[in-house]
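S.K.: what follows is a predicted structure for the sequence shown.
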Amino acid sequence: MKRAALLLRCSTNIQDYNRQKLELEKVASRFKLKVAKVFGEHVTGKDDIRKGNRKSVDELIDACENDEIDVVLISEVSRLTRNFLYGVTLVDKFNRDYSIPIYFRDKRKWTIDIETGEVNLEFEKELRKAFEQAEEELASIRFRMASGKRDSAGLGQWFAGIPPFGYTRQKNGYLVKNEYAPIVKEMFDKYLEEGQALITTTRYIYGKYPDIKKLKSIGNTKFILNNKAYTGRAEANIYDEIDKVTDTFYFDIPAIIDEETYNKVQKKLANNRTTTPYPRATKYLLQKLIKCSICGAFYTRLHSNKRDTVHFKCTSDKNSLTGCKSQVYLNERIVNPIIWNFVKEQLFYVGKMNVEQRLEAIAGENDNKSKAIEEQDALKISYKEQENKLTRLEDLYLDNDIDKNRYKERKSKIEKELSSIKAQMDRLTDRIRLSDFNIKRFNSTDFTEQYFKEVEADLEKQMKVLREYVKGIYPLYIDKVYCFLRLIPLKEYSIYSTNHERLNKSAPTSSKTHWHSTTLTYGTSILPITHY
C-alpha cells in the first residue's frame, strides 16, 4: 500500500483545517492509500520564493528525501500557494526531482500517473493557469479589503491598526484609556523639564510604573513622544494594488496632548543628544552620523586597549534589547579620511570652477527652478478645482441629492486625486529647494585650499562642515560577501568620484580585509567595500 502525505493550509479557521483533513482522508481511502504523514499550518497562501518554503512544505520535502511517502494529497490548488512562481517551482520540483505524484482534489487529477509514473504535461499547463488565477484572486481580495478600508476612511471611520499607548479600540475609532492617558501626559511633561533626556525620562516613567513593560524601552518613549495621534489627529496609509500608490487618510480621535505641548517636545527632540553631539561628550568627527542599517541606531565608538584602535559598532542589542545582529565594525582611523575626503572633494571641485562655469551652472539651476515653480502653480489650480468638487459633492450628499454609496465612490476618487496632486507638489517643492541649495553652493567662493587647511586644523569646524552636507552614513552587508557605506547628504546635488582605500584593518572580531571604493551618483551615495 502506497504511503500518502496530506498537505493542509488555512488562514485561521480550525473548522476549515479539519474539513480539508477529512476530505483528503476520504480521497486516500478511495485510492487505497495509507495516510503516513500530515503536514499543515495556519498561514496565508501569500508565499514568496525568495524567502524560502513554509514550514509545512519544508517538512514535506524532508519526508520525500527520506523516502517516507509516495504521494501527496492537496485539497485545492490555492491550498498549495497563491503565488504563481512559487507554485510552478514546487510542482516542477516534485515532478522531476522527487518523482512524487501530487493529487489536487478540486481538479481531480494527478501531476504524475500513479500507475505508469509519467508526468502529466497537460495538467502541468493547466496548473500554471490555476496558479495565475489563484494569484489574481489574492490580489483581488487585497484590493477589495483596501477598497473597503478606503471607503471607511472616506467617511472618517477608523478601521485598522494597533491603538497607540493610552487608547483602546471601539467599533469606529479609539477611546482614551483612562488608566494610561495620564501616563502619556506625564511623559510629555517630564521630558520638557530642564535637564531631562529620553533616557532619564524613560527611567523615571518606568521606575514609577514598573508593571507596564512597554515603558521600559527608550525606543518606545521616543515613539510615544513623536506620535502626533496624541494631539487628536491620527494617520492611516492604504496601499492601492492597482495604481501602486499609497493613500494617506487622517482621522479625528480624542486628544490627550495639546498641540503646543507636542510642538515643544518635537523642538526639543530635534536637538536631543540622540541626534546631536552632547556638549560635554568627547568629540569625534563622525559623531552621531554613522547609523546601523538594520535597527537605525547610532553606532557606538569603542576603544580597544589591546590593539590601541578605535572602532564603530552597533550596540543597540545590549542597550535596548532590539535583537539587532549587525556585525559590521568600522575602523575610525580609516573611515574618517574616507568620508572627509569625499565631502572635501565635492566642495573643492566647486571652489575650482571659474566664473563662466559658475554662471552657467547657476543659470541651469535657475531654469530648473522656474520650470518647477511653473508646474507647481498649475498643480495648485488643479488642487483647488478638486477641493471645489469635494465641497459640491458634500453639499449634494447633505441635501440628499446623491445616495451614500455613490457619495463614497466619488469622494474616494477625488481624495485619491488630491493625494496624487499633493505628492507631485511636494516633489516640486523639493526640486525648488534643491535648486536654491545648488545656487548657493555655486555662488560660494570659500572652498579654497587655505579654507580647508584652517578647517582641518580645528575639529569643531570640521564637524560643522560635515554636518552641513551629511545626514547619515549606513554600513550595509549584502549576502555576507559585499559591504557598502551608504552616505545620505542633507541635500541632493550632482557628485562624482572614485577612490580606493583599505577600510577595516585590525577588526576586533575578524581578520578579513575590507577594501573601499566610491562610486557616487545623484543624491544618496553608495560606497562599496569588497569583502573577502
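M.R.: That came in fine, so what should we check first? Because the structure is a prediction, the values reported are computed rather than measured.
S.K.: would residue 476 count as being in a helix?
M.R.: No: using DSSP: H, G, I helix; E, B strand; the rest coil, the assignment for residue 476 is strand, not a helix.
S.K.: name the helices or strands packed onto the biggest helix by length in the chain?
M.R.: Longest helix in the chain by number of residues, with DSSP state H as the criterion: helix 355-398. Judged by 3 or more CB pairs under 8 Å, 6 or more residues apart in numbering; DSSP states H and E, helix 355-398 is in contact with helix 404-443. C-beta coordinates here come from the backbone N, C-alpha and C atoms, glycine included.
S.K.: which of the residues in the helix it packs on are buried?
M.R.: By 16 or more other CB atoms under 10 Å, the buried positions in helix 404-443 come out as 407-408, 410-412, 414-421, 424-425, 428, 431-432, 434-435, 437-439, 441-442.
S.K.: ok, then the element right after that helix?
M.R.: Using DSSP states H and E, the helix or strand that directly follows helix 404-443 along the chain is helix 449-456.
S.K.: distance from the chain centre to that following helix, please.
M.R.: 40 Å (CA atoms, centre = their mean, to the nearest Å).
S.K.: restricting to C-alpha, output it in CSV.
M.R.: Listed next in CSV are the C-alpha coordinates belonging to helix 449-456 (Å, rounded to 0.1, in the frame of the first residue of the first chain):
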residue,chain,number,x,y,z
GLU,A,449,43.0,75.1,-0.2
GLN,A,450,43.6,77.7,2.6
TYR,A,451,40.0,77.3,3.8
PHE,A,452,40.3,73.5,4.1
LYS,A,453,43.7,73.8,5.9
GLU,A,454,42.1,76.0,8.5
VAL,A,455,39.1,73.7,8.9
GLU,A,456,41.2,70.6,9.2
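S.K.: does anything pack onto that helix? Which helices or strands?
M.R.: helix 332-351, helix 459-469.
S.K.: deepest of the ones you listed, which one?
M.R.: Across these, the average number of neighbours (mean count of other CB atoms under 10 Å) peaks for helix 332-351, which reaches a mean of 17.
S.K.: would you single out the least confident of the helices and strands packed on helix 449-456?
M.R.: Lowest mean pLDDT of the helices and strands packed on helix 449-456: helix 332-351, a mean of 77.
S.K.: quick one: that one to chain centroid distance?
M.R.: Its chain's C-alpha centre and that of helix 332-351 lie 30 Å apart, by CA atoms, centre = their mean.
S.K.: just stretch 300-319 next, same as before
M.R.: Remark: stretch 300-319 is offset 28 Å from the chain centroid, using CA atoms, centre = their mean.
S.K.: mind listing what's buried in it?
M.R.: The neighbour-count check on stretch 300-319 (16+ other CB under 10 Å) flags 301, 309, 310, 311, 312, 313, 314, 315, 316, 317 as buried.
S.K.: what's the average pLDDT for it?
M.R.: pLDDT averaged over stretch 300-319 gives 77.
S.K.: now that stretch - C-alpha only, PDB.
M.R.: This file holds the C-alpha atoms of stretch 300-319, laid out as PDB (Å, rounded to 0.1, in the frame of the first residue of the first chain):
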ATOM      1  CA  THR A 300      28.900  53.400  19.400                       C
ATOM      2  CA  ARG A 301      32.600  54.400  19.400                       C
ATOM      3  CA  LEU A 302      34.700  51.700  21.100                       C
ATOM      4  CA  HIS A 303      38.300  51.800  22.100                       C
ATOM      5  CA  SER A 304      40.400  48.600  22.100                       C
ATOM      6  CA  ASN A 305      43.300  48.900  24.600                       C
ATOM      7  CA  LYS A 306      44.800  45.600  23.300                       C
ATOM      8  CA  ARG A 307      45.100  46.800  19.700                       C
ATOM      9  CA  ASP A 308      45.100  50.600  20.500                       C
ATOM     10  CA  THR A 309      42.500  51.200  17.900                       C
ATOM     11  CA  VAL A 310      39.100  52.800  17.800                       C
ATOM     12  CA  HIS A 311      36.100  51.200  16.100                       C
ATOM     13  CA  PHE A 312      32.500  52.000  15.500                       C
ATOM     14  CA  LYS A 313      29.900  49.200  16.100                       C
ATOM     15  CA  CYS A 314      26.100  48.900  16.700                       C
ATOM     16  CA  THR A 315      25.500  48.100  20.400                       C
ATOM     17  CA  SER A 316      21.700  48.600  20.400                       C
ATOM     18  CA  ASP A 317      21.100  44.900  21.200                       C
ATOM     19  CA  LYS A 318      22.900  45.300  24.500                       C
ATOM     20  CA  ASN A 319      21.500  48.800  25.300                       C
END
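S.K.: give me the local confidence score for residue 296.
M.R.: 77.
S.K.: quick one: it from residue 218, how far?
M.R.: Here residue 296 is placed at a distance of 13 Å from residue 218 (CB to CB, to the nearest Å).
S.K.: more neighbours: those two, which one.
M.R.: A direct count of neighbours by other CB atoms under 10 Å for residue 296 and residue 218 places residue 218 higher, at 19 against 14.
S.K.: where's residue 474 relative to residue 289, distance?
M.R.: 10 Å.
S.K.: before we move on, the earlier item: next, the angle from the longest helix of the chain to helix 332-351.
M.R.: 100 degrees (axes from the mean of the first three to the mean of the last three CA atoms, to 10 degrees).
S.K.: what's the average pLDDT for helix 355-398?
M.R.: Mean per-residue pLDDT for helix 355-398: 87.
S.K.: got the angle between that helix and helix 404-443?
M.R.: Going by the same axes, to 10 degrees, helix 355-398 makes 170 degrees with helix 404-443.
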